[in-house]
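In: fold the following for me, if possible:
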Amino acid sequence: MRGCTPEDQVRRLVCALCSREAKGFGYVHEMRLGEFPHHRFCSMACCDAGGALARRSNGVIDKTQMEARAIKEARRPLAEVLVELQLMAPFHDRSAAEIDRIIEACVDGFQASMQRQAAERDPLDDPIPFS
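Out: Have a look, this model is predicted:
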């Protein structure tokens with residue numbers, strides 16, 4: 001698309017909240033398109049949560065506190081998988097900060113891949129989201 005930078009395309013194709021593929025759900029603060037960014041989301045759940053965040057912070061989505069909480073809450077599922085795979089022993093004496101680094105590395109890698117894939121996609125080859 002003319003005038004479309006890779007960053008613009010990533011913003012259009014990646015959920016503003018979780019960085020999964022955006023599926024046609026969106027939010028514009030106070031419906032003022034020229035003044036506020038159009039946030040896109042992968043689901044109604046992310047759209048509702050992202051819209052609530054944007055309303056509280058005047059159209060901007062600041063994920064810092066949310067990300068910290070999500071990482072903390074991801075410790076238990078990580079521990080459950082490590083136990084299930086019998087891999088808990090090497091992680092047993094690790095600090096919470098070290099476990100959080102592992103979780104952050106996984107999330108960052110996932111998000112970076114989603115952003116790379118979105119930048120590589122043809123914006124005109126987008127399936128209809130409500131079919």
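In: would you tell me what the next helix or strand after whichever strand or helix holds Ala70 is?
Out: Using DSSP states H and E, Ala70 sits within helix 64-73. Note on helix 64-73: by DSSP H and E, the next helix or strand toward the C-terminus is helix 75-84.
In: the helix holding Ala70 packs against which elements?
Out: helix 96-120 (3 or more Cβ pairs under 8 Å, 6 or more residues apart in numbering; DSSP states H and E). (C-beta placed from N, C-alpha, C; glycine too.)
In: orientation of the helix it packs on relative to helix 75-84 in degrees?
Out: Using axes from the mean of the first three to the mean of the last three Cα atoms, to 10 degrees, the direction of helix 96-120 lies 100 degrees away from that of helix 75-84.
In: lowest-pLDDT helix or strand in the chain?
Out: Of the helices and strands making up the chain, the lowest-confidence element is helix 6-13, at a mean of 60, by mean pLDDT, DSSP states H and E.
In: beyond that helix, next helix or strand please.
Out: With DSSP H and E setting the assignment, the helix or strand that follows helix 6-13 is strand 25-28.
In: name every strand pairing with that next one and say which way it goes.
Out: strand 38-41 (antiparallel) (DSSP bridges).
In: quick one: average pLDDT of the partner strand?
Out: Averaged across strand 38-41, pLDDT comes to 79.
In: enumerate the positions of that strand that are buried.
Out: Buried positions in strand 38-41, judged by neighbour count with 16 or more other Cβ atoms under 10 Å: His39, Arg40, Phe41.
In: what is the burial count for the closest residue to the second one other than its chain neighbours?
Out: Nearest in space to Arg40, with sequence neighbours left out and distances taken as Cβ to Cβ, 6 or more residues apart in numbering, is Ala22 at 3.9 Å. Look at Ala22: counted by other Cβ atoms under 10 Å, it has 27 neighbours.
In: wait, Ala22 touches His39, no?
Out: No. If you go by Cβ atoms under 8 Å, Ala22 and His39 don't touch, sitting 9.2 Å apart.
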